[in-house]
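Undergrad: Quick one, fold the following:
(chains A and B)
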Amino acid sequence: MKLEKLARAIMFTFAAATVSTVALAELSDEVLAERLERMQQEMDQLKEQLGKSATKEEVQLIKQDVASTSDWLLPDTLIHMSGYADVGYIETESTDGSFNVGTFAPIFHFQYRDIVMLEAELEIEINADGETETNLEYLTIDWFVNDYMILVGGKFLSPIGQFRQNLHPSWINKLPSAPPGFGHDGAAPVSDVGFQVRGGFPVGGIRTNYAIYISNGPELMSEFEDGEFELDGVEAEGFGADNDGKKAVGARLGFIPFVGFELGISAASGEATVTSIHEGDNSLLGREEARDYDVIGGDFSLQYKAFNIRGEYVETEVGADTGSGASASEGAIWETWYAQGAYRISQSKWELVARYTDFDSPHNSQDQQQWAVGANYLFANNFIGKLSYEFNDGQTESDADKDRFLFQMAYGF
Amino acid sequence: MKTKICTGIYNNGKGIILSALLVVTSQWSVALDYPEAGNFSQGSKVWSENCSRCHNMRNPTDLRDGITSIFHMRVRAGLTGQETRDLLTFLRGVNAKSTHTRLSTEVLITEVAEVKSTISGERVYKNNCMACHGTDGKGSFSGVPDFTSADGRLSKSDSELLSNIINGFQSEGSLMPMPPRGGNSRLSDENLTAALEYIKNTFAD
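TA: Sure, this is the predicted structure:
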């Protein structure tokens, strides 16, 4: 019985093994065929990918190309911000000194190719009362007409002379203050609203630059003093409307006969009207007529080795009343000039500066002669520390007569 | 009388603006390629001759993103369009990375004799160095060393001078460092070696 069971088990096992072997042998052929086909496909794919892959040498070349690629592949439209800021300390004779935030002046540029650029500068200041004042210093759309001409429209810095349009930023001005007469309400115009064409071109071996403009022009202010009206000041700070309908035209021509020297001449002419009374009743100005308004100026700069010498003269003349206005029948002249010398001490970052200015106005209390001396430390070419002392000579006990000590840190960015 | 003159100028001003519009819309006034290529050495010259008219010399690498800065300066300084393009090419060269493999200074010194006969150091100097170092080697503006000074910059060893030229150098008290390879990344070490030989032969002693 046991032998019979054993024989059955052996027979069953043999039969099962035989059947399974045959079955496996049949499946293996199909699977192998499929696998072979898949492997062939994968092989083809790998060959194709390998064909598309870079060699080591090609990768090395690509790396070199990447390393040598500059960042100057630029879009057509560019947005850029620069500007300057300054902080400091001022101590005026017989008064307590004060720390101050001078100016934060961001400049925005929006440029489309080499065709047009928008430029705008804000002038943000904190006044003595802690309030923040914001002014639009300039805003222009500059149209690059051709290699020698740019059409500039908007509110622009006055092209008269060089201080206002080129030197007034604190990181450029070698002293902490503007020369008397070149600030606001001085002899030199600050800004205008209108259009100008400007650019540069060579004439033989001489390089020249030019700016010609037409603008709304200035407005005049009078004041009531000693029982009569007189002209108080010329407000040439870019009015957004031409209240008297009289345009002003002006120009500056610059000549660079040799490297390091520039000579400029400027002039402006037009008419201007008294539109306000200083701390007075403007309703008295009903019948004011336009008066003549003329500006002439000259400037030069010389850079020789470690020396930088420059000077500038501006005269603004306003004519007498031509109608039957109630304010200031007489005309007036504002005149100012300065000469400045700077010397970079060899092998150091120290710079010595001296400037003399003579400002004459119709008001004795505003007249001022000033010697300003200073020492600058140039932490970097655009980051400057300035120490300065001003010897001021004006009408006795007036602000113009008080000496000042100034410290300023200016950063152009 | 003055009113008539001003009115006349004002009216003519309108004419000028209209004329400008016509000019702008004409084909030749619109740049087809931007930025157009300029001349590197002329750009270096414009840089050295114009910046200090108003402010301290800036390091060219300060203005790596400086296309708008240069166009701003075109307006301010009265530069021509060509001068602007030259300046941009100069700045691009100064700020580009060098593709040349740096050789050891010892190797370069031994190769001086070989390269002198084939590369014009004078041409390299005039096209790349002269704007700042001047035709007489005394420097075009403050802070640039005087090559003619007996105990000046050229009293250093050749290997040190060459290293300074290749890697750039900040002189004591100078506001504007010399950029690597004089600002022209296309110059090879051999070109610079030849330029150094020319400088020493021309200005030393």
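
Undergrad: Now do the same for residue B:76: helix, strand or coil?
TA: helix (DSSP: H, G, I helix; E, B strand; the rest coil).

Undergrad: Without its sequence neighbours, what residue ends up closest to it?
TA: Excluding the flanking residues, the one nearest residue B:76 by Cβ to Cβ, 6 or more residues apart in numbering or on different chains is residue A:166, at 6.2 Å. For glycine as for every other residue, the C-beta is placed from the backbone atoms N, C-alpha and C.

Undergrad: Same question for residue A:369.
TA: residue A:393 (4.5 Å).

Undergrad: ok, now residue B:187?
TA: Looking at residue B:187 with Cβ to Cβ, 6+ apart, the closest residue is residue B:181, at 4.9 Å.

Undergrad: Tell me the confidence at that neighbour?
TA: pLDDT, residue B:181: 86.

Undergrad: now do the one 10 residues further on
TA: Residue B:191 is assigned a pLDDT of 88 by the prediction.

Undergrad: contacting residues around the residue in the stretch 1-150 of chain A positioned nearest to chain B?
TA: Residue nearest to chain B within the stretch 1-150 of chain A: residue A:147 (3.2 Å; Cβ to the nearest Cβ). Residue A:147 makes contact with A:199, B:80-82 under the criterion Cβ atoms under 8 Å, 6 or more residues apart in numbering or on different chains.

Undergrad: one more time with 7 Å, if that's ok
TA: B:80-82 (Cβ atoms under 7 Å, 6 or more residues apart in numbering or on different chains).

Undergrad: Need phi/psi at the residue nearest to it when sequence neighbours are not counted.
TA: Spatially, and ignoring its direct neighbours in sequence, residue A:147 is nearest to residue B:81 (3.2 Å; Cβ to Cβ, 6+ apart). Here is the backbone geometry of residue B:81 (degrees, to the nearest 10): phi -60, psi -40.

Undergrad: Likewise for residue A:107?
TA: Dihedral angles (degrees, to the nearest 10) for residue A:107: phi -120, psi 130.

Undergrad: ok, it - how many residues close by?
TA: By the criterion of other Cβ atoms under 10 Å in any protein chain shown, residue A:107 has 21 neighbours.

Undergrad: ditto for residue A:281
TA: 8.

Undergrad: for it, what are its contacts?
TA: Per Cβ under 7 Å, 6+ apart, neighbours of residue A:281: none.

Undergrad: what's the spacing between it and chain B?
TA: Counting by Cβ to the nearest Cβ, to the nearest Å, the gap from residue A:281 to chain B is 29 Å.

Undergrad: ok, now residue A:235?
TA: For residue A:235 relative to chain B (Cβ to the nearest Cβ), the value is 19 Å.

Undergrad: same thing with residue A:157?
TA: Taking Cβ to the nearest Cβ, one finds residue A:157 at 9 Å from chain B.

Undergrad: Could you pull out the strands in the stretch 1-150 of chain A for me?
TA: For the stretch 1-150 of chain A, strands defined by DSSP state E, counting those that start in this stretch occupy the ranges A:77-92, A:98-112, A:116-126, A:132-146, A:149-157.

Undergrad: before we move on, what about the stretch 251-400 of chain A?
TA: Under DSSP E, counting those that start in this stretch, the stretch 251-400 of chain A gives strands at A:261-272, A:274-277, A:291-304, A:307-318, A:332-344, A:350-360, A:368-380, A:383-394.
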